[in-house]
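Enquirer: My questions are about this predicted structure, shown below with the sequence.
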Amino acid sequence: MSPDTGIRARFKLDYSGFSLDVDLDLPGRGVTALFGHSGSGKTTLLRAVAGLEHAPGGTLSVNGDVWQDAATFRPTHQRPLGYVFQEASLFPHLDVRANLEFGQKRVPQAQRRVSLDQAVAMLDIGHLLGRKPARLSGGERQRVGIARALATSPRLLLMDEPLAALDFALKREILPYLERLHDELDIPVLYVSHAPDEVARLADHIVVMEGGRAVAAGPLTDTLARLDLPIRLGEDAGVVLDAVVAARDEEWHLAHMEFAGGRLWVRDHGLPVGHRARVRILARDVSLARAPTTGTSILNTLPAVVVDSVDDAHPALTLVKLRVGESPLLARLTRRSAHALELAPGRMVYVQIKAVALIG
Amino acid sequence: MLSDTDWSAIRLTLELAAVTTVLLLFIGTPIAWWLARTRSAWKGAVGAVVALPIVLPPTVIGFYLLVAMGPEGPVGRLTQTLGLGGLPFTFAGLVVASVFYSMPFVVQPIQNAFEAIGERPLETAATLRASPFDTFFSVVLPLARPGYLTAGVLGFAHTVGEFGVVLMIGGNIPDKTRVVSVQIYDHVEALEYAQAHWLAAGMMAFSFVVLLLLYTLNPTGRRA
């Protein structure tokens, strides 16, 4: 990656009981998830990128623009970023419109690329403009917070668990807006989250944080399929595949999703043929067979090749990495089953997929 | 009812309280900001000095201010060198003394208001391109408004009610330093109870109305 088309971030921070030490080359476009448990340093990293955490000696450049190096430290208000906090943090003394304008009017006219109307339309908050934050629901507040950040035409959007403070229903309300951002705006996003389902749905790239260090970084599909990470993910271990709706079966309300490696039946969510969507297959929902089985309730059976396997956290289990066409897949089996199937790299098997989740 | 000297004392009192309050809001703001934000080891000491007038007898403060402002005191020497003359027994001297005396009643509500705002709105403003200076005026001051209302009212009312410091610094010069509280004292000494009543009852009514307004208009800013 050349230095002027990416986010280069190197930070070292030492607090008592916690240190952050990362050296990252992130893509300058798309959504990069900073994923990890609480205390893994993902929020500290995000705050260092924003300049809210003073990290002397760090370096940070965003698509060729140096925000921080040995000689420079641009304070937060001189970094062209948008920041969405976990709680919307709207200014209580200003109504929604004034909150939106607060950032925008401080951006020079020539640098404005996102208009207020655009931000309002994208988050669908036109009917809230005259209200004070105290009279908004949690989901509405967060939408205003996101629109306010967008209205500054940021060159980098930082989101710190924007959905974590919301309940399940509100999360479902906001997620489509976040997907829209992803699809309609060409602004790179760093998205902090500890929720695998959000990451699977929104991210193109992922950085897995642990103990203040980045233990893995790369494109989402490849990184999730790495064998050394699923152990850390536990029950959430699995892969995310990009797919297209290839056909719909009206009689049984199923959709046939085509991915690089085959087709999968999923429940029909009404997406039109040709629509791109992601599917997520958890390792625990995949079982293996030496031959295609008949007389089973499982709809999705695909031929695959064993790539590798590794011991799982529990001594009874093993994780197997497979390849279905060009796509990776993970299966979680007992070691006894793996032994009985004589699994070894290169062996042909059939994967039986019990559940496929359509996301986004 | 009220004599001309009474009216003169009332006018002087209001003038003194108004000037003192305005000065204190300006002087108190940076002090309150520093006290609210600093992690310095000096925070406790500075906070204690600001709060001293709450616990000290006014005569103690008056005495030291008199010494400092007198011809041999550091402040007195400075004012004389600057050609301003001496401060004791002048209106300006009363203002200086009142600023010290009423300081905690202005600084503390503002400091509480600043502390209640917390870090987040400042960080949010920074991510929205507002410089620290900009943030202070566009976010901090509006959010601290209840604290300022409390500070202004308490500072004003407290200055109106001061007696000991005035007597030590200002003496009792009609039209120059004789405020209402001193005038009441004079009336009582001269056994003019009726006139003392008019002024004393007026002070009672004034203080009651001020506090009533404060507590009803500003229920959240009650911490003094």
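Expert: Yep, that arrived.
Enquirer: and stretch A:303-310, average pLDDT?
Expert: For stretch A:303-310, mean pLDDT is 92.
Enquirer: Also stretch A:176-194?
Expert: Per-region confidence: stretch A:176-194 scores 86 on mean pLDDT.
Enquirer: which parts of chain B sit against chain A?
Expert: Contact residues (CB under 8 Å from any CB of the partner chain) of chain B with chain A: B:120-121, B:123-132, B:134, B:138-139, B:142-143. The way it works is simple: take the backbone N, C-alpha and C, and place the C-beta from them, glycine included.
Enquirer: hmm, try it at 10 Å
Expert: When proximity is defined as CB under 10 Å from any CB of the partner chain, chain B approaches chain A at B:119-132, B:134-135, B:138-139, B:141-143, B:145.
Enquirer: Okay, and which of those map to helices?
Expert: Of the residues of chain B next to chain A, the ones assigned to helices by DSSP state H are B:120-127, B:132, B:134-135, B:141-143, B:145.
Enquirer: Next secondary structure after the least confident helix or strand in chain A by mean pLDDT?
Expert: None of the helices or strands of chain A scores lower by mean pLDDT, DSSP states H and E than helix A:230-233, at a mean of 64. Past helix A:230-233, further along toward the C-terminus, the next helix or strand under DSSP states H and E is strand A:238-249.
Enquirer: Now do the same for that next one: mean pLDDT, whole number.
Expert: In this model, strand A:238-249 carries a mean pLDDT of 91.
Enquirer: for the helix or strand following it, which positions count as buried?
Expert: Following strand A:238-249 in sequence order, the next helix or strand is strand A:254-259 (DSSP H and E). By neighbour count with 16 or more other CB atoms under 10 Å in any protein chain shown, strand A:254-259 contains the buried residues A:L254, A:A255, A:H256, A:M257, A:F259.
Enquirer: With stretch B:129-137 instead?
Expert: Quick answer for stretch B:129-137 (16+ other CB under 10 Å): B:R129, B:A130, B:T135, B:F136.
Enquirer: For chain A, state which of those is nearest.
Expert: Each of the buried residues of stretch B:129-137 was checked against chain A using CB to the nearest CB; the closest is B:R129, at 3.9 Å.
Enquirer: Leaving out sequence neighbours, find the closest residue to the closest one.
Expert: Ranked by CB to CB, 6 or more residues apart in numbering or on different chains and with sequence neighbours excluded, the top spatial neighbour of B:R129 is A:R106, at 3.9 Å.
Enquirer: what about B:G85, neighbour count?
Expert: Look at B:G85: counted by other CB atoms under 10 Å in any protein chain shown, it has 11 neighbours.
Enquirer: Now do the contacts for B:E123.
Expert: Listed by CB atoms under 10 Å, 6 or more residues apart in numbering or on different chains, the contact partners of B:E123 are A:R47, A:A50, A:G51, A:L52, A:T76, A:Y83, A:F85, A:S89, B:T135.
Enquirer: Cross those residues against strands and list the overlap.
Expert: A:Y83 (DSSP state E).
Enquirer: Would you mind putting the CA coordinates of whichever helix in chain A runs longest into CSV?
Expert: Longest helix in chain A by number of residues, with DSSP H as the criterion: helix A:168-184. The C-alpha trace of helix A:168-184 is given here as CSV (Å, rounded to 0.1, in the frame of the first residue of the first chain):
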residue,chain,number,x,y,z
PHE,A,168,-31.8,-4.7,20.0
ALA,A,169,-34.7,-3.0,18.3
LEU,A,170,-32.9,0.4,18.0
LYS,A,171,-29.8,-1.4,16.6
ARG,A,172,-31.9,-2.8,13.9
GLU,A,173,-33.3,0.8,13.3
ILE,A,174,-29.8,2.3,12.9
LEU,A,175,-27.9,-0.5,11.0
PRO,A,176,-29.5,0.2,7.6
TYR,A,177,-28.4,3.9,7.9
LEU,A,178,-24.8,2.7,8.6
GLU,A,179,-25.0,0.5,5.6
ARG,A,180,-26.2,3.4,3.5
LEU,A,181,-23.2,5.4,4.6
HIS,A,182,-21.0,2.6,3.5
ASP,A,183,-22.6,2.4,0.1
GLU,A,184,-23.2,6.0,-0.7
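Enquirer: Follow the chain on from it and name the next helix or strand.
Expert: Next along the chain from helix A:168-184, counting by DSSP H and E, comes strand A:189-193.
Enquirer: Would you mind pulling the contact partners of the helix or strand that that following strand is followed by?
Expert: Moving toward the C-terminus from strand A:189-193, the next helix or strand (DSSP H and E) is helix A:196-202. Outside helix A:196-202, the residues that touch it by CB under 10 Å, 6+ apart are A:30-31, A:33-35, A:159, A:161-164, A:171, A:175, A:178-179, A:181-182, A:189, A:191, A:193, A:195, A:206, A:208, A:220, A:224, A:233-240, A:277-280, A:282, A:357, A:359-360.
Enquirer: do the same with stretch A:249-260
Expert: Applying CB under 10 Å, 6+ apart, the contact partners of stretch A:249-260 are A:221, A:241-248, A:263-273, A:275-279, A:281, A:299-300, A:302, A:324-327, A:356, A:358.
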